[in-house]
Each structure stands twice: as C-alpha cells, then as structure tokens.
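A.B. asks: predicted coordinates and the sequence they were generated for:
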Amino acid sequence: MSDHDSETVSPEQRYLMIAEAAYFHAESRGFQEGDPVADWLAAEKEIDILLCHTSTPNTEKSAKETFADHLETQLKEWDKQISGLKRKARKMDGDIRRNIDAQLEIHRAQRATAKNKLKELRQHGAHGWEDIKQGAEKAWNEIHQTINRIAEHFR
C-alpha cells in the first residue's frame, strides 16, 4: 500500500496534507492577493483527488493521470495569479512596466510549452511516461520562477 493510501491516511494526516498544499497555493502567488479559504478548498480538492487515485491499485496509468491532473490544476491556479498580476501591472509605468511585460511574454511562451507537455503526457501510454514527466516538471518549475519574478515587482 502507498503511504498516501486513503485507508492508511488518518484524518489528522489528511488535514496536514491539505494545510501544506494550501500553504503552497499561497506561496505560489507570493502570499499576495487571494483568499485563504479558496486556497484551502483548492488544496482539499487536490488532496482528496490524490487520495482517491492512490486508494486504487497503484498502477503507472493512475500515477500518470494523477500527475497530469495536478499539473492541469496548477496551470489553472497560475492563470488566476497571472490575471491578477496583469491587472496590477497596468498601473505601473516606465522600466518596471517594461520588465513586467517582458516577463509576461516569457510566461506566455513557457505556458504554451507547458500546455504542450501536458497534452503529450496525456496522450502518451502508461509505459515510459517518466521521460515526459521530467520535461513537464522542468516546464512547470520555469513557469513558477517566472511568476515569482513578476510578483517580486509588487512586494
């Protein structure tokens, strides 16, 4: 059985998993703007999906699907964050605005790459998806870093 198997995860462990995931939601937007309750609810949904998927026999296919679902959820969260950062950026001018616009352009390209990686991951068979996973993780890390660089302008 997996460490995250729903049969072995106590309510306290589930709570801690949700708390940690909610923290990462807030951290991903630089602890700026946003709603802690929304962070909690999104984290709760992610953890419940994760626990549901891991309560079935642990197969490569379910691990792949869980990973892809997590990536898609993260993309949606980042889209919301970027939307808020764009609103703030409209109020800026000069070099700061040009820097933010350049970072947003980088983000657009990175997001397109990430979306393609996600599509490739979903279309790939259960075997050998680990190679694609590494490329997807790299794309997601780059997006995370770019969003953090943009958010730094508003701290």
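C.D. replies: Everything's here; your move.

A.B. asks: moving C-terminal of the host helix or strand of Phe24, what's the next helix or strand?
C.D. replies: Using DSSP states H and E, Phe24 sits within helix 11-28. On the C-terminal side of helix 11-28, the closest following helix or strand by DSSP H and E is helix 36-54.

A.B. asks: pull out the buried residues from whichever helix or strand comes after that next one.
C.D. replies: The helix or strand immediately downstream of helix 36-54 is helix 60-89, counting by DSSP H and E. For helix 60-89, burial by neighbour count (16 or more other C-beta atoms under 10 Å) applies to 62-71, 73-74, 77-78, 81-82, 85, 89. Every C-beta, even on glycine, is put in place using the N, C-alpha and C of the backbone.

A.B. asks: which residue lies closest in space to Ala26, excluding its sequence neighbours?
C.D. replies: Leaving aside its chain neighbours, Ala26 sits nearest to Asp39 (5.2 Å; criterion: C-beta to C-beta, 6 or more residues apart in numbering).

A.B. asks: wait, that neighbour sits on Ala19?
C.D. replies: No - using C-beta atoms under 8 Å, Asp39 is not in contact with Ala19; the gap is 10.0 Å.

A.B. asks: helices or strands up against the helix or strand bottoming out on mean pLDDT in the chain?
C.D. replies: Here the helix or strand of the chain ranked lowest by mean pLDDT, DSSP states H and E is helix 36-54, holding a mean of 82. Packing contacts for helix 36-54, counted by 3 or more C-beta pairs under 8 Å, 6 or more residues apart in numbering; DSSP states H and E, involve helix 11-28, helix 60-89.

A.B. asks: can I get those helices in a markdown table with mean pLDDT and distance to Ile132?
C.D. replies: Output for the helices and strands packed on helix 36-54, formatted as a markdown table (pLDDT from 0 to 100; distance: least, C-beta to C-beta, whole Å):
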| stretch | mean pLDDT | distance to Ile132 |
| --- | --- | --- |
| helix 11-28 | 87 | 23 |
| helix 60-89 | 85 | 9 |
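
A.B. asks: what distance do you get for Lys64 to Arg149?
C.D. replies: In this view, Lys64 and Arg149 are 30 Å apart by C-beta to C-beta, to the nearest Å.

A.B. asks: got it, and Phe67?
C.D. replies: From Phe67 over to Arg149 (counting by C-beta to C-beta), the distance is 26 Å.

A.B. asks: try Pro11
C.D. replies: 38 Å.

A.B. asks: equivalent analysis for Arg155, please.
C.D. replies: 11 Å.
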